[in-house]
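[1] No letters, just coordinates:
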């Protein structure tokens with residue numbers, strides 16, 4: 001072998017040895033987290049044999065652990081392994097490369113060795129609650145707590161609002177509150193705290209499906225004496241649904257956590273049958289074009305007109321009659337454009353008696369005698 005080749009061989013061998021020693025050193029360095037008695041070679045702190053060679057302990061676990069660590073016996077809810085004295089199911093008593101001398105690299109990896117259904121959820125579900133994905137102990141104390149499931153706060157609302165500050169403010173300060181947030185499991189009535197694979201961790205496929213779990217019954221509101229209709233029955237009987245209902249998204253219009261507006265709407269809507277028109281006073285114009293009301297003459301923004309004369313303008317802008325006097329914003333059955341078959345004005349309840357024609361129609365409510373309109377024949381009275 002030539003001298004130069006031999007020199008190169010020696011040099012490469014040196015690099016290889018240096019590299020492998022470095023890796024070994026790094027692997028060894030991972031084992032630097034040591035239990036204090038073990039690090040100080042105080043085997044007699046735990047073992048009968050002063051050298052710790054027999055493995056026999058001075059006391060049973062967890063009593064032995066409690067000589068140094070907090071005693072959890074006075075907590076209302078104690079984690080199973082802790083109560084059973086299984087400290088070493090989670091912690092290595094001597095040393096570990098993991099924080100807190102854990103026997104697994106991450107908290108979630110450790111927890112899911114027992115909580116296998118949660119491990120399956122973490123592995124298969126896309127939309128996971130961020131605190132859960134980060135670490136189970138964001139919400140649960142791994143040893144003991146005074147709350148069920150060793151939660152760091154009451155499971156039904158207190159814990160959630162530790163992070164969801166904006167929801168806390170809305171729930172506390174809204175004039176119109178959602179009953180679901182204050183009864184039963186509160187936040188957990190609607191949301192799964194871990195994951196569902198759906199937006200917002202909802203417990204149903206769509207917001208509408210979730211809402212109808214409760215709103216398929218009448219609800220008496222103690223705060224104002226009103227009765228909320230059986231919405232499930234109403235939608236079933238009125239299958240021509242308004243767009244947001246078709247999308248399954250009640251939350252397009254309602255804020256499920258509370259609102260200062262009528263019926264927890266996200267924007268204002270008139271509470272009475274008559275009110276001076278303002279686009280800012282109608283949530284309807286979040287989607288609909290306000291020119292439907294504002295243009296006195298049009299051939300573009302509405303079909304409710306006599307040729308170019310906008311009858312929406314006359315009813316809503318001139319007469320201050322609100323949209324809900326004629327339209328049902330959830331759904332209708334026999335009439336087009338979500339028109340109501342029956343309406344109310346003050347204490348009076350009446351039928352619209354609407355009849356549709358190819359280029360117009362007519363109605364005969366209590367407001368006036370039957371009047372007709374036609375988009376193409378302005379001679380119709």
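    That came through fine. Note that this is a predicted model, so its numbers are computed, not measured. Numbers count the residues shown, from 1 in each chain.

[2] Distance check, the residue nearest the centre of the chain against residue 321.
    Nearest to the mean C-alpha position of the chain, counting by C-alpha atoms, centre = their mean, stands residue 200 at 3.2 Å. Distance, residue 200 to residue 321, using C-beta to C-beta, to the nearest Å: 37 Å. C-betas here are computed from N, CA, C, even on glycine.

[3] just residue 173 next, same as before
    33 Å.

[4] Who has more neighbours out of the two?
    residue 321 (20 against 10; other C-beta atoms under 10 Å).

[5] Give me the phi and psi for the more buried one.
    Backbone torsions for residue 321, taken as degrees, to the nearest 10, come to phi -90, psi 130.

[6] what's the closest non-adjacent residue to it?
    residue 315 (4.8 Å; C-beta to C-beta, 6 or more residues apart in numbering).

[7] before we move on, what about residue 319?
    residue 274 (7.7 Å).

[8] per-domain residue ranges of this structure.
    32-153, 154-264, 279-374 (automatic domain parsing).

[9] my guess is residue 315 meets residue 322, correct?
    No - applying C-beta atoms under 8 Å, one finds residue 315 not in contact with residue 322, separated by 9.3 Å.

[10] what sits in contact with each of these two?
    Common neighbours of residue 315 and residue 322, using C-beta atoms under 8 Å, 6 or more residues apart in numbering, do not exist here.

[11] Tell me which of the domains of the chain lies nearest to residue 270.
    Closest to residue 270 of the domains of the chain is domain 279-374 (C-beta to C-beta; 4.2 Å).

[12] Tell me which stretches of the protein form helices.
    3-29, 36-39, 63-66, 80-83, 107-111, 116-124, 130-134, 158-163, 165-173, 207-211, 231-237, 243-246, 291-294, 311-312 (DSSP state H).

[13] Please identify the buried residues of the third one?
    By neighbour count with 16 or more other C-beta atoms under 10 Å, helix 63-66 contains the buried residues 64, 65.

[14] I'd like the mean pLDDT over that helix, please.
    Helix 63-66 carries an average pLDDT of 92.

[15] Show which residues not belonging to stretch 41-58 make contact with it.
    Counting by C-beta under 8 Å, 6+ apart, 36, 37, 64, 93 sit against stretch 41-58.

[16] ok, the residue nearest to the centre of the chain touching residue 191?
    Yes - taking contacts as C-beta under 8 Å, residue 200 lies within contact range of residue 191: 6.6 Å.

[17] low-confidence ranges in the stretch 251-381 of the chain?
    Where the stretch 251-381 of the chain drops to pLDDT under 70, the residues are 378-381.

[18] what about the closest residue to residue 354 other than its chain neighbours, how many neighbours?
    Leaving aside its chain neighbours, residue 354 sits nearest to residue 363 (4.5 Å; criterion: C-beta to C-beta, 6+ apart). Neighbours of residue 363 under the rule other C-beta under 10 Å: 19.

[19] Which residues are in contact with residue 363?
    Under the criterion of C-beta under 8 Å, 6+ apart, the neighbours of residue 363 are 352, 353, 354, 355, 370, 371.
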